Structure formats: structure tokens, C-alpha cells
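**Q** quick one: sequence plus predicted model below, questions after.
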Amino acid sequence: MTRFVVLRPRAEDDIRTIAAWYESRQAGLGEEFLVQLGEALRHIAEFPLASTVVYRSIRRARVAKFPYLAFCVVERSRVVVLAVLHTSRNPANWPRR
């Protein structure tokens with residue numbers, strides 16, 4: 001069963017900021033980030049148990065070609081994206097963002 005993907009407002013802000021940053025560096029790179037993120041989220045929606053649990057029920061999906069991770073909670077009929085962070089950032093700092 002493929003779940004549908006829901007983005008929390010913080011995740012939407014993360015995605016918008018990251019895509020804009022890449023686009024400012026090279027035309028089309030922001031779009032490529034969005035494509036790769038979409039693939040990562042589609043994969044976790046289709047195969048939720050294949051993703052790594054990082055804390056309690058929070059799983060992560062790697063974004064191919066980019067140093068980013070999407071942190072998600074898999075529910076019965078949906079995947080809730082909590083945040084998208086650079087691999088060098090500590091997820092424990094979420095409350096302080």
C-alpha cells in the first residue's frame with residue numbers, strides 16, 4: 001500500500017530554502033534537488049519499513065545526489081515529513097530552529 005505524503009510547515013520551509021539556495025548557485029539545480037527529494041519521499045511512501053529508524057518512530061530518507069535527509073513519521077495511510085536537514089546538522093536541534 002502506497003501512502004500519501006504530507007509536509008509539515010517546517011518541512012515546507014526547509015525545502016523552499018534548500019531549493020532556492022541551490023537554484024541561486026546554478027540554474028536548474030534547485031529543481032534537481034526537488035526531483036531527488038520527491039524520489040526519496042516516493043520510496044519511503046512505497047517501502048516505509050526499508051527506511052532507517054533514527055529515533056522512536058522517526059525514520060529518515062536520504063536524498064540522492066544531495067547531502068540531505070528527510071525525517072518522516074510513517075502512519076497507516078500517510079507519511080508525515082517533519083523536516084529536511086543537511087547531513088551535517090544534528091536533528092536534536094530541531095526544537096531550537
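**A** That came in fine, so what should we check first?

**Q** contacts, neighbours, all on C-alpha from now
**A** Fine.

**Q** who touches the spatially most central residue of the chain in this structure?
**A** The centroid of the chain falls nearest to Ala70 when counting by Cα atoms, centre = their mean (2.3 Å). Listed by Cα atoms under 8 Å, 6 or more residues apart in numbering, the contact set of Ala70 reads Leu37, Leu41, Arg60, Ala61, Arg62, Val63, Val81, Leu82, Ala83, Val84, Leu85.

**Q** now, which of those residues lie within helices?
**A** Of the positions in the contacts of Ala70, Leu37, Leu41 sit in helices, assigned by DSSP state H.

**Q** please convert the buried members of the contacts of Ala70 into ChimeraX selection syntax.
**A** The ChimeraX selection below is limited to those of the contacts of Ala70 classed as buried (16 or more other Cα atoms under 10 Å):
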select :37,41,60,61,62,63,81,82,83,84,85
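
**Q** got the contacts of Ala70 as a markdown table, with pLDDT and distance to Arg25 columns?
**A** Putting the contacts of Ala70 into a markdown table (pLDDT from 0 to 100; distance: Cα to Cα, whole Å) gives the following:
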| residue | pLDDT | distance to Arg25 |
| --- | --- | --- |
| Leu37 | 98 | 18 |
| Leu41 | 94 | 24 |
| Arg60 | 93 | 26 |
| Ala61 | 93 | 24 |
| Arg62 | 95 | 22 |
| Val63 | 97 | 18 |
| Val81 | 96 | 26 |
| Leu82 | 94 | 26 |
| Ala83 | 94 | 22 |
| Val84 | 96 | 19 |
| Leu85 | 95 | 18 |
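
**Q** OK, contacts around Leu41?
**A** Neighbours of Leu41 in contact, by Cα under 8 Å, 6+ apart: Val5, Ala61, Ala70.

**Q** and it, how far is that from Phe71?
**A** As for Leu41, its distance to Phe71 is 10 Å (criterion: Cα to Cα, to the nearest Å).

**Q** next one: Thr2
**A** Taken as Cα to Cα, the span from Thr2 to Phe71 is 18 Å.

**Q** right, I'll call it a day here.
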